[in-house]
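Undergrad: What follows is a predicted structure for the sequence shown.
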Amino acid sequence: MALHEDGTPDQRQAHPIEMPAAAVDPFDAVSCATGILMERYGCDAEAAAQRLADWSRDTAIDVPLVAAWLIDDISAIWRRNP
């Protein structure tokens with residue numbers, strides 16, 4: 001998920017997509033994304049989970065898929081800048 005500098009999702013890239021059922025464990029994706037957000041924003045787990053929930057609501061995409069999208073974005077950045 002592309003993010004603006006303030007951490008909000010870039011709505012231009014939001015579109016309905018589906019995650020294959022066996023692609024990732026939803027709990028693991030949310031847990032990992034929560035950790036990423038905690039480190040990035042210096043917030044606690046509750047605030048990070050709320051941010052995921054807000055992005056889910058704002059984009060009409062389920063929380064586990066928003067989490068997976070965030071993880072994929074971060075992974076792409078790490079692959080470009082080892």
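TA: Sure, I can see it. Residues are numbered from 1 along each chain as shown.

Undergrad: What's the separation between Ala76 and Leu70?
TA: For Ala76, the distance to Leu70 equals 11 Å [Cβ to Cβ, to the nearest Å]. The way it works is simple: take the backbone N, C-alpha and C, and place the C-beta from them, glycine included.

Undergrad: Name the residues contacting each of those two.
TA: Counting by Cβ atoms under 8 Å, 6 or more residues apart in numbering, Ala76 and Leu70 have no contacts in common.

Undergrad: In a helix, Ile61, correct?
TA: No: counting by DSSP: H, G, I helix; E, B strand; the rest coil, Ile61 falls outside a helix, being coil.

Undergrad: right, and it touches Leu70 too?
TA: No: Ile61 is not in contact with Leu70 according to Cβ atoms under 8 Å; the separation is 11.0 Å.

Undergrad: Please say which of Ala76 and Leu70 ends up with more neighbours.
TA: When neighbours are counted by other Cβ atoms under 10 Å, Leu70 comes out ahead of the other of Ala76 and Leu70, with 24 against 10.

Undergrad: ok, the more buried one touching Ile36?
TA: Yes: counting by Cβ under 8 Å, Ile36 is a contact partner of Leu70 at 6.4 Å.

Undergrad: Please report the distance of Leu65 from Arg80.
TA: Leu65 sits 23 Å away from Arg80, going by Cβ to Cβ.
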